[in-house]
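K.L.:
Give the three-dimensional model of this entry:
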Amino acid sequence: MIETRTRREHRVRALVLAAGVLAGAVLVTGCSEERDAALKWPGAESNPQAVTADQFGAAWPLKPDKGKVACDTTPYSGFAITFQAPDGKIYALNNVAHDEKGYPSVDEIKGNSGKMWRLRSFGMQICSLERTRNTRSTPPATPPSSPAPDTSRPARPVSDRGGARRG
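P.N.:
Residues are numbered from 1 along each chain as shown. Predicted coordinates for the structure are as follows:
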């Protein structure tokens, strides 16, 4: 009976160890994808800017593996962020591009994985780049000059009583 108990304990330990190794392998694979997605992020350099799935790693959210992200100003709501697929079709990455510019939603070409917010955030970086360029090219505003004092009427004397009445 002691031998049977020991064998059971060994089997249970072996099963627990095997389950632990399997769970660890799954976690490491999942973590490496998340790490890849967190580390890969291209810098915004131009508007529009070519992007590829390789630049975003596991965070790439679209079926086409490359395209162009662009930022366009609108008269009402700010910035329309778009993605141009390799076939030339343009998709809206934000509501401004969809609602005001009339582009179809990028969800039409969304893949099975990845993070759409990463591509949208990259688009916002391009918009910030564009805003910075526009700000630098605009000459600084000069403050309005203060009007000259009116010297046609004599100045009123200032009371030193403080305006309080005693009663």
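
K.L.:
residues near residue 103, how many?
P.N.:
If you count neighbours by other Cβ atoms under 10 Å, residue 103 ends up with 21. Every residue, glycine included, has its C-beta placed from N, CA and C.

K.L.:
For it, grab phi and psi.
P.N.:
phi -80, psi 150 (degrees, to the nearest 10).

K.L.:
Skip the chain neighbours and tell me the closest residue to it.
P.N.:
Residue nearest to residue 103 in three dimensions, not counting chain neighbours: residue 92, with 4.0 Å by Cβ to Cβ, 6 or more residues apart in numbering.

K.L.:
From residue 46, how far out is that neighbour?
P.N.:
The gap separating residue 92 from residue 46 is 20 Å, by Cβ to Cβ, to the nearest Å.

K.L.:
Please say which of those two ends up with more neighbours.
P.N.:
Between residue 92 and residue 46, counting by other Cβ under 10 Å, residue 92 is the more crowded of the two (22 against 11).

K.L.:
Provide the partner residues of that one in its beta bridges.
P.N.:
residue 82, residue 105 (DSSP bridges).

K.L.:
contacting residues for it?
P.N.:
Shown in contact with residue 92 (Cβ atoms under 8 Å, 6 or more residues apart in numbering): 80, 81, 82, 98, 101, 103, 104, 105, 106.
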